[in-house]
Structure formats: C-alpha cells, structure tokens
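**Q** Test case, fold it:
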Amino acid sequence: MALGIGRRSETGELTDAASVAASLARRLARGSMRWGVSLLMLAGLVLLWQGVVVFYDIPHWKLPAPWEVAKELWHSKGLLASHTWITVQEMLLGLLAALAVGLVLATIINLSRTLGRVVYPVIIAAETFPIIIMAPLLLIWVGYGIEHKIIVVALIAFFPVVINTADGLRSTDPDLLNLMRTMGANRWQLFTKVQIPNALPFMFSGFKLAATVSVIGAVIGEWVGSSEGLGYLAMLSKGKFLFERVYAVTFLFSLLGMGMFVLVGLLERALVPWHHSEKRDKGLE
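**A** Residues are numbered from 1 along each chain as shown. As a prediction, this is how the structure comes out:
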C-alpha cells in the first residue's frame with residue numbers, strides 16, 4: 001500500500017514537472033514568435049528605406065541610406081558613446097526625480113481630499129505649460145550645467161507617474177479596506193499593506209511611460225543649452241551637414257527609449273510577479 005502511494009506520488013511529481021516544462025516551452029515559443037515578427041517587420045522597413053534611396057537616387061543630405069547610417073555608427077562609435085553616456089545620466093537622474101516627486105504628490109492626493117483638490121489643478125497646469133518655453137528660463141535660473149536638463153526631464157516624466165499612481169491608490173476595493181478596518185488596521189497599515197500593493201501595476205504603467213518620454217526631456221534640455229550629450233551632438237552635426245550622424249543619433253535615442261521601457265518592464269516582473277501571472281492566465285501575455 002505504501003509502495004503504491006509512493007509510485008503515485010512520484011508519477012504525480014513527474015506529471016507536474018512535465019506540465020511546467022511544457023508551459024514554459026509554450027511561453028518561450030510565443031515570445032520568440034513575437035520577437036521574430038517584430039524583427040522581420042523592422043528588417044522590412046530598413047530594406048524598404050534602402051530600396052527607396054537607391055531607386056530614386058536620393059542625395060545623402062536629403063535622406064541618407066541605412067547602410068550609410070550604420071557605417072557612421074561604427075566609425076563614430078567612440079564619440080557617440082561618450083555623448084550617449086551624458087544623455088543617459090540626464091535621463092536616469094531626471095527620471096528618479098520625477099518618480100520621487102510623482103509618488104509624493106500621488107500620496108498627498110490619496111490621503112487628503114482637500115489637499116488633492118488644491119494640488120491636482122497645479123499638476124495639470126504644470127503639465128500643460130509648454131516645456132520648450134520653460135527650458136530657457138530654467139537655463140537662466142539654475143545655470144548651464146546638468147541641473148536644468150534633469151529638471152526638464154523630470155517635468156516631462158512626472159505627470160504619468162502622478163496620475164497612474166493616484167488612480168491605482170484610489171482603485172482599491174472599498175470592501176477590502178472596510179474588512180481591514182474591522183480587523184483593527186490603522187490608516188498607515190491600510191496604505192502600506194493594501195493600497196500600495198493594489199496600485200503597483202498602475203504605478204509601473206506610469207513608470208514605463210515616464211521612462212519613454214524621458215528621452216524627449218533630455219533632447220529638449222540639450223537643445224536649449226548644452227555642450228555635450230546626444231541632443232547637442234545632433235545639432236552640431238546638422239550645422240556641419242553631417243546628416244548620417246544626425247540619423248545615427250536619432251537611432252540611438254530610439255534605442256535609449258526602448259531600453260528604458262524594457263528596464264522598467266523587467267523591474268515590474270521582479271516586483272509585481274502576480275500581475276504577470278494574471279495577464280498570462282487571461283491570455284494577455
């Protein structure tokens with residue numbers, strides 16, 4: 001009898017392991033297929049670009065061919081790498097500032113309705129103010145260093161953090177909050193144990209958007225006033241009619257935006273694993 005139970009237990013464990021392996025293989029296959037389709041589409045667009053330039057004999061100053069842009073990326077890799085590092089620092093520091101300010105403002109909106117009514121219109125007004133006008137003023141106020149570029153990035157990136165986090169905190173099930181209150185939970189415990197875990201998927205949606213638009217903030221900050229960074233290099237190259245380098249810089253900006261998005265996505269997977277499990281169960285991932 002005991003041997004029979006042992007055999008059934010071992011068989012069950014083997015079946016579970018096979019099921020997990022099959023599920024993992026299916027997910028890897030779906031992910032590989034999605035990446036494969038995306039890469040094929042990208043390759044098709046690049047080939048179309050190359051074909052249009054060659055077929056219509058478009059001069060390089062009007063539209064350089066992808067091959068010429070690739071050669072520029074290789075020949076100027078040292079120069080591009082040094083300016084890229086400056087832009088990455090501006091993006092990361094500005095994004096961290098946006099996250100800090102955004103989370104504090106979202107908490108204020110959630111904890112106090114009165115303060116929320118006062119703060120919310122100010123947040124909207126700050127977001128609608130044209131940043132291209134604000135950037136030169138920041139240059140006057142804080143100087144020519146990296147500070148004004150960090151502020152520009154933060155001003156562009158903080159809005160989605162505030163809105164998404166505030167929506168996530170407010171979306172907590174009121175029945176769950178009432179249950180926790182009946183069990184003796186105080187306001188701080190409700191906030192840390194219930195509302196924040198519930199808001200994490202919303203927060204990371206805002207983080208992803210903020211990480212992506214941080215590229216725009218870095219570009220604007222460097223255009224307005226800088227002596228280094230990819231935005232500065234693009235303006236300098238355009239003035240010297242080095243259009244292949246301008247397109248190379250544009251390509252690097254796209255890579256930075258996608259890289260920041262992927263980085264936040266990986267962080268979300270590590271900190272909010274249950275959210276991805278639910279998405280997989282619903283067939284959304």
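
**Q** Secondary structure element for G102, which one?
**A** Following DSSP states H and E, one finds G102 within helix 77-111.

**Q** Average pLDDT for that helix, rounded please.
**A** For helix 77-111, the per-residue pLDDT values average out at 93.

**Q** what number of residues lie near the closest residue in space to F207 that isn't next to it in sequence?
**A** Nearest residue to F207, sequence neighbours excluded (CB to CB, 6 or more residues apart in numbering): V264, at 4.9 Å. Any C-beta I mention is one placed from the backbone N, CA and C, and that applies to glycine too. Other residues lying near V264 total 20 when counted by other CB atoms under 10 Å.

**Q** what sits against V264?
**A** 204, 207-208, 211 (CB atoms under 8 Å, 6 or more residues apart in numbering).

**Q** So which bits of stretch 108-120 are buried?
**A** By neighbour count with 16 or more other CB atoms under 10 Å, stretch 108-120 contains the buried residues 108-110, 116, 119-120.

**Q** tell me which of those is nearest to V162?
**A** Of all the buried residues of stretch 108-120, V162 sits closest to I109, with 7.6 Å by CB to CB.

**Q** does Y144 sit in a helix or strand, and which one?
**A** Y144 belongs to no helix or strand, assigned by DSSP H and E.

**Q** correct me, but it touches G225?
**A** Yes - with contacts counted by CB atoms under 8 Å, Y144 reaches G225, the gap being 5.8 Å.

**Q** Kindly report the domain assignment for the protein.
**A** 1-58, 66-281 (automatic domain parsing).

**Q** Those domains: lowest mean pLDDT?
**A** For those, mean pLDDT drops lowest on domain 1-58, to a mean of 67.

**Q** Check whether the spatially closest residue to R245 that is not a sequence neighbour sits in a helix, strand or coil.
**A** Computed as CB to CB, 6+ apart, the closest residue to R245 that is not its neighbour in sequence is S237, at 4.1 Å. Secondary structure of S237, reduced to three states by DSSP: H, G, I helix; E, B strand; the rest coil: helix.

**Q** Next up, the contacts around S237.
**A** 243, 245-246, 249.

**Q** and if we set it to 7 Å?
**A** 245-246, 249 (CB atoms under 7 Å, 6 or more residues apart in numbering).
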